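J.: With the sequence up front, the predicted model follows.
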Amino acid sequence: MEVIAALLGIGVVAVSPLVPALRPVAKTVVAGGLVVTDAVRTNAAIAGEHWMDLVAEAKAERAAEAEARATVVETITIPLDEE
């Protein structure tokens, strides 16, 4: 999306010397592109934080399971012949 806005902005800026009325349109398109870019960056940062939280939780659960397995003590019952 931001690429399209950038291309539109470049196109309008390139034509703006020929049509001076297009300069405000070019500014609006560029400003819209900046808004979209900021929103995408913010959402990507939030998604990255959520992902890292999930990874940390999964690692903690794996470590807890491994520790629980390491502390399990098996008992073996050996029947004794009563003679």
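T.: On my side now, so go ahead.
J.: Now do the SS call for Thr75.
T.: Here Thr75 is recorded as coil under DSSP: H, G, I helix; E, B strand; the rest coil.
J.: so how far is Arg62 from Ala31?
T.: Relative to Arg62, Ala31 is positioned 47 Å away (CB to CB, to the nearest Å). To be clear about C-beta, it is placed using only N, CA and C from the backbone, and glycine gets the same treatment.
J.: Neighbours of Gly9, how many?
T.: For Gly9, the count of nearby residues is 20 (other CB atoms under 10 Å).
J.: can you check Ile76 too?
T.: Neighbour number of Ile76 under other CB under 10 Å is 4.
J.: Please report how far Ala21 lies from Lys27.
T.: Taking CB to CB, one finds Ala21 at 12 Å from Lys27.
J.: More neighbours: which of those two?
T.: Shown here are Ala21 and Lys27; by other CB under 10 Å, Lys27 has more neighbours (14 against 7).
J.: Mind giving me the packing neighbours of the helix or strand harbouring the more buried one?
T.: Assigned by DSSP states H and E, Lys27 belongs to helix 23-71. With contacts taken as 3 or more CB pairs under 8 Å, 6 or more residues apart in numbering; DSSP states H and E, helix 23-71 sits against helix 2-15.
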